[in-house]
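Colleague: sequence first, predicted coordinates after that:
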Amino acid sequence: MAKRGTPQERVAVKQELARRQRRRNRLVMICTVLTAAGVGLALTALPLFILIYGGMLPTLVAFLADEQTGRYLFRAVGFMNLTGIIPYIEPTLRAGNHAMLSGAMAQTTTWVIIYVIAGSGFFFYFVMPWFAGLILEWMIRARMARHAAERATLGQEWEFDA
């Protein structure tokens, strides 16, 4: 381990600062692109802008809250959130009439459905690892029971007391 103030420690600190700076620059670039796209969308198709940006708020929250390496919370919530928004956007884009979104946005059920589906992304992130662990544990116990039965059968066959 490097002593305090040694060249190795200074290099490690510089590398960490450079990594943080790259991450900060990437975040600024993402925010700039999203802002430019949002302004362009707001100027051309305001109802579509409101639905996309209002509907994707849970994804923004997950992006800001998730700091782990793979950003799995952001991915789970983002994809489920996108799944909740697509049924409202697809007919609009197919017809080319952005005004038809105003009726969908005025209904509370639209927003409830979008946010419940986004909430299922949080559910998948927090509950599914536990559920997968239960399934794996069940599979291992079944395999252990099968091996124990095979061992008992072999013990009887070979007249071995186990």
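Modeller: Received the coordinates, thanks.

Colleague: helices and strands around whichever helix in the chain runs longest, which ones?
Modeller: Longest helix of the chain, by residue count under DSSP state H: helix 108-157. Secondary-structure packing of helix 108-157 (3 or more Cβ pairs under 8 Å, 6 or more residues apart in numbering; DSSP states H and E): helix 46-55, helix 57-65, helix 72-95. Any C-beta I mention is one placed from the backbone N, CA and C, and that applies to glycine too.

Colleague: domain ranges for this protein, per the record?
Modeller: 8-44, 47-131 (automatic domain parsing).

Colleague: list the buried residues for the first one?
Modeller: It refers to domain 8-44. Leu41 (16 or more other Cβ atoms under 10 Å).

Colleague: quick check: mean pLDDT of that domain?
Modeller: On average, the pLDDT along domain 8-44 is 84.

Colleague: where does pLDDT dip in this protein?
Modeller: 1-4, 161-162 (pLDDT under 70).

Colleague: that older thread, let's have the domains of the chain in TSV, adding distance to Arg141.
Modeller: Below are the domains of the chain laid out as TSV (distance: least, Cβ to Cβ, whole Å):
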stretch	distance to Arg141
domain 8-44	43
domain 47-131	16
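
Colleague: so for Glu159, which of these sits nearest?
Modeller: Of all the domains of the chain, domain 47-131 sits nearest to Glu159, with 44.0 Å by Cβ to Cβ.

Colleague: ok, Thr110 touching Ala104?
Modeller: Yes - counting by Cβ atoms under 8 Å, Thr110 sits close enough to Ala104 to count as a contact (5.0 Å).

Colleague: what distance do you get for Asp66 to Arg19?
Modeller: Separation of Asp66 from Arg19 (Cβ to Cβ, to the nearest Å): 18 Å.

Colleague: what do you get for Ala149?
Modeller: As judged by Cβ to Cβ, Ala149 and Arg19 stand 54 Å apart.

Colleague: next one: Arg26
Modeller: 11 Å.

Colleague: then Ala37?
Modeller: From Ala37 to Arg19 the distance is 27 Å (Cβ to Cβ).

Colleague: one more: Ser102?
Modeller: According to Cβ to Cβ, Ser102 stands 45 Å off from Arg19.

Colleague: one more: Arg10?
Modeller: Distance from Arg10 to Arg19, by Cβ to Cβ: 15 Å.
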